[in-house]
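Q: Provided below for reference: sequence and predicted model.
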Amino acid sequence: MQSLLRVNDLSIGFGSNKPTVDRVSFTVNAGETLALVGESGSGKTLSCRAILRILPSSAQIRSGEIVLNCGGNDIDLAKLGERKLRSIRGDRVSMIFQEPMRSLSPLHRIGDQVGEVLKLHRNSSESVAKREVLAEFERVGFNDPERTYCAYPFELSGGMQQRAMIAMATVAKPELLIADEPTTALDMTTQAQVLGLLKKLQAESGMALILVTHDLGVVANMADQVVVMNKGRVMEAGSSDLVLGSPAHPYTRKLFAAAPVIPEFVDPAAQPRQSDIILSLRDVSKTYGVRQGSAWSPGTTIQAVNGVNLDVPRGKVVAIVGESGSGKSTCARIALGAESSDAGGQVLFKESPQADAIEVQSLNPMDRCDFQRKAQMVFQDPHSSLSPRMQIVDALTEPLDIHGIGTPAERRDRAIELLEQVGLDPSMLRRYPHAFSGGQRQRLSIARALALRPRLLVCDEPTSALDVSVQAQILDLLEDIRDRLQLSYLFISHDLAVVARIADEVAVMRRGRIIEQAPPELLLANPRHPYTQALIAAHPEPDIHRPIDLETVAMGAGEPDTWPDAFRYTDGAAPPLKQFESNHLVRTHA
Amino acid sequence: MDILKFAVRRVATMMLTLLLVSALIFLIINLPPGDYLSNQIAELRSTGQESGVAKAEFLRHEYALDRSLPEQYLIWLGVWPGPHGFSGILQGDFGWSFEFNKPVSEVVGSALWMTIMVNLVAVLFVYLVALPLGVLAAARSRTWVDYVTSFVGYLGLATPNFLLALILFYYGNKYFNLPIGGLMASEFEGQPMSLDKIKSVLLHLIVPTFVIGTAGAAAMMQRLRANMLDELNKPYVTTAWAKGVPPAKLLTKYPLRVAFNPFVADIGNLIPSLISGSVLVSVVLGLQTIGPALLAALKSQDQFLAGFVLLFVAALTLIGTMVSDLLLVLLDPRIRFGARER
């Protein structure tokens, strides 16, 4: 087969440091998909940016060649002059990025940004460009291309923004599309649809695709060829059925072991419900005013959470699963009293089986302070949830300091104990957060949450900012300390595979409502709600024989009024949660 | 349509603000005990010139200074009948300047237009200098271009205006034969507008514009540079880069548009600082702007003159803010949509 792009012995470095990308080689054939797989810091993004030479100004290509086959002629992009390179960027080779919102200019209409490609490379007139852009919008799945043409990026959802980016990258019919983590910032069902779109476009136009990703599931669904990278070097390369079917390199095997998989449960046994409840959400709702009302026009409100009932049994992990905008994080904040529920909602907390339940939503300041010692939160992004100006010892002892517990010496001892509990070396006490990796920082923020010896931890997406291999370790740690310290978790996540591993009970939320709730083995073996089915179907499995089922995704991933009759909301009123088996709740009319 | 509605609402709130400001100005001017006339009466009495006292008493009554403060304020505004019926700012009667013994409108008259012109030219100067230099300094950051523009900018910021004025006058006159002082050659004063007069005014404006505008331009250039540097690292710039947009267009179409917002928003802030900054400069340079008149009026508690000048400056500021708000709405769809929602 004709190779379209050959990268030979590419090395890229910053300043005089040793190369960050070290003698990387790969080949992309026309019409094929090559996946560059690796964790953060593996050099995969730098390598693919080097193809278009859009590297940070401090990075230089040290050696190697990047040969693009242009209609029979070989061109070395690594040495091509800037002017000629510009005529290749966006025309023969184009690129899409991770965060569509930030990758589109907020001040220009979508149509203008997409049409610019044609004006630059084809010298198209305004009207010709518009016609082609509208056709491309239709191809990438916009229902109303005219409206999209005039829209600004912030008027579109994340998935639609990424479609606009894809339209921008494909409108000039490139021979190669480089997609740098194109679905990482998207919801699971949206990811499935965007991946499906990329495949469809590729089949129609015959363009080649370089897909940069950390997700082996995405690789299994998309790639013909796979290159596994680690610390700037290629670990393993080959066709995807070989690399994924029988990984040869230990690093690849390690990645596989860590990849989150939705397990296949067979014949789950129903378990009796536990009666000792540590935290209980009763009829919790939250309405936000979006626009201020005035005397003439009523304000617009959004119901972020709508009548949620959820119990966390003592010593168990209850997970709320949902995509962005489902209200899961609002639930977490209400559970901790960090946000007030609408009138009528109740949050009850029982410190011990014998204690009286306290009502979290109506605590006086004294009791609130007391409650905060017993319920703590672990945040999503360990990079922004630790102050960069505080030494670790200060970050860990601050909660004790605030609550006036112990002498300075005792607090210090407690900090050392905490570090040991989360598997870090006590000699790191005097360091600052920047000296730690993402996984270590998340350990630190867990340690900080444990400082006051809480009974309940609310974990808000604690692993979604981490690499997969680190994610597995953090989940291990959370399971370990739950058992050792007899903690209970309210666990918020968007990832069913993560939840399947750690949770004892899962509630799936969509648009503020719980639509299905069951223990994970029951939920995953026998999902009844179309949205749950879509979530499961959308999860990319690292197995090329289990591709994403786009039909199931399309069936359930839409708005509630697109669901099948038995689940549809009539006039905005949702069907009730019905009980199936002893502990399986589904929101349905049937 | 939405923009029109926004503009109408914005003008309405501006009027309201102006009303509030006028009350504040009136209150503050009247905070020190006494007024121009009672001071004069006291002085006349102490020197035994009883004959003048009657005249001053007459003026006090004539300008309603013997009434209560709120009443005085309303008469000044023109919504309350004074000794001569409704006659205040709303009717175009700005009052009497005791210091100059002329109606206020005559005192400030031509100076008003000169002030507007000098400041408009200074604002233009600030923008014309800051825009290209700021963009250039950001695009070529950490090169000699950046260092030289920053150095000149800081020099402009750090040099006292009056000193800069004197230096420029001296050397401007010595080497370029630029005129010293005033806003036009003396033979044109009081003459009707003519081509020669305009030429003379423009020639006289060179040094004052430079002096008044340098500090503002330097500050704005630094702000634009910082904003641009922030924007240059944003992913949407990388997107445009990967599209094959040529460098100059890449810079002006994308990051500059975003970095432009604070630049536009500064119009409103620029005017008061320029005017108050230019009072001293006007005195030094002998410009016939309202700056010197304001200084004199404030010193002698010439309340109608001071009140009018302050109100005028406030109005200019508010208009500047409104213009920048409207421009922002036109420039930035995010603000436009936000405005529609409210």
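A: All right, it came through fine. Numbers count the residues shown, from 1 in each chain, chains lettered A, B, ... in the order given.
Q: who in chain A is up against chain B?
A: Residues of chain A lying near chain B by Cβ under 8 Å from any Cβ of the partner chain: A:52, A:54, A:86-91, A:94-95, A:97-99, A:102-108, A:116-117, A:120-121, A:152, A:154-155, A:165, A:168, A:290-292. Just so you know, the C-beta spots here come from the backbone N, C-alpha and C atoms, and that holds for glycine as well.
Q: Among those, which lie within helices?
A: Among those, the residues falling in helices (DSSP state H) are A:52, A:86, A:87, A:88, A:102, A:103, A:116, A:117, A:120, A:121, A:165, A:168.
Q: And the residue nearest to residue A:4 when sequence neighbours are not counted, how close does it get to chain B?
A: Nearest non-adjacent residue to residue A:4, counting by Cβ to Cβ, 6 or more residues apart in numbering or on different chains: residue A:30, 4.5 Å away. Per Cβ to the nearest Cβ, to the nearest Å, residue A:30 is found 21 Å from chain B.
Q: Touching, residue A:30 and residue A:70? I think so.
A: No - the pair residue A:30 and residue A:70 does not pass the contact test of Cβ atoms under 8 Å, sitting 11.9 Å apart.
Q: Which ChimeraX command selects the buried ones in the ones in helices among the residues of chain A next to chain B?
A: Applying 16 or more other Cβ atoms under 10 Å in any protein chain shown to these leaves a buried subset, and the ChimeraX line that selects it is:
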select /A:52,86,88,102,103,116,117,120,121,165,168
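Q: Make a markdown table out of the ones in helices among the residues of chain A next to chain B and add distance to residue A:396 and pLDDT.
A: Formatted as a markdown table, those follow (distance: Cβ to Cβ, whole Å; pLDDT from 0 to 100):
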| residue | distance to residue A:396 | pLDDT |
| --- | --- | --- |
| A:52 | 45 | 94 |
| A:86 | 52 | 93 |
| A:87 | 56 | 93 |
| A:88 | 52 | 94 |
| A:102 | 33 | 91 |
| A:103 | 38 | 94 |
| A:116 | 51 | 95 |
| A:117 | 51 | 95 |
| A:120 | 54 | 94 |
| A:121 | 56 | 95 |
| A:165 | 42 | 95 |
| A:168 | 47 | 96 |
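Q: which one of the ones in helices among the residues of chain A next to chain B sits closest to residue B:174?
A: residue A:86 (50.4 Å; Cβ to Cβ).
Q: Spit out the contact partners of that closest one.
A: By Cβ atoms under 8 Å, 6 or more residues apart in numbering or on different chains, the contact set of residue A:86 is B:244, B:245, B:246.
Q: Of the residues you listed, which is the nearest to chain A?
A: Among the contacts of residue A:86, residue B:244 lies closest to chain A (Cβ to the nearest Cβ), at 3.7 Å.
Q: Can you get me a residue count around the closest one?
A: With neighbours defined by other Cβ atoms under 10 Å in any protein chain shown, the count for residue B:244 comes to 23.
Q: wait, doesn't it sit right on residue A:83?
A: No - counting by Cβ under 8 Å, residue B:244 sits too far from residue A:83 to count as a contact (10.2 Å).
Q: before we move on, what SS does residue A:284 have?
A: Put simply, residue A:284 is strand when judged by DSSP: H, G, I helix; E, B strand; the rest coil.
Q: Distance check, it against residue A:300.
A: Applying Cβ to Cβ, to the nearest Å, one obtains 22 Å for the distance of residue A:284 from residue A:300.
Q: So for the two, which sits in the more crowded spot?
A: Per other Cβ under 10 Å, whichever of residue A:284 and residue A:300 has more neighbours is residue A:284, with 24 against 12.
Q: What is the burial count for the closest residue to chain B within the stretch 401-550 of chain A?
A: Closest residue of the stretch 401-550 of chain A to chain B, Cβ to the nearest Cβ: residue A:465 (17.7 Å). Neighbourhood size, residue A:465 [other Cβ under 10 Å]: 19.
Q: Which residue is the nearest non-sequential neighbour of residue B:71?
A: The shortest distance from residue B:71 to any non-neighbouring residue, by Cβ to Cβ, 6+ apart, is to residue B:80 (6.3 Å).
Q: Buried residues in stretch A:309-326, which are they?
A: A:309-323, A:325-326.
Q: Among those, name the ones in strands.
A: In strands, defined here by DSSP state E, the members of these are A:309, A:310, A:311, A:312, A:313, A:317, A:318, A:319, A:320, A:321.
Q: TSV for those, including pLDDT?
A: Below are those laid out as TSV (pLDDT from 0 to 100):
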residue	pLDDT
A:309	94
A:310	94
A:311	94
A:312	94
A:313	94
A:317	95
A:318	96
A:319	96
A:320	96
A:321	94
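Q: show me what contacts the residue nearest to residue B:71?
A: Going by Cβ under 8 Å, 6+ apart, the list of residues near residue B:80 reads B:71, B:74, B:86, B:88.
Q: Among those residues, which lie within helices?
A: Short answer: those in helices (DSSP H) are B:71, B:74.
Q: For my notes, confirm residue A:36 occurs in a strand.
A: Yes - under three-state DSSP, residue A:36 falls within a strand.
Q: Next, the distance between the ends of stretch A:265-273.
A: The straight-line separation of the ends of stretch A:265-273 (Cα to Cα, to the nearest Å) is 20 Å.
Q: now stretch B:262-279: mean pLDDT?
A: Average pLDDT, stretch B:262-279: 76.
Q: Buried residues, it. List them.
A: For stretch B:262-279, the buried set under the neighbour-count rule, 16+ other Cβ under 10 Å, comprises B:263-264, B:266-268, B:270-272, B:274-275, B:277-279.
Q: again with stretch A:390-405
A: Buried residues in stretch A:390-405, defined by neighbour count with 16+ other Cβ under 10 Å: A:392, A:393, A:394, A:395, A:396, A:397, A:398, A:399, A:400, A:405.
Q: neighbouring contacts of it?
A: A:369, A:373, A:386-387, A:406, A:408, A:411-412, A:414-415, A:418-419, A:428-433, A:444, A:447-448, A:451-452.
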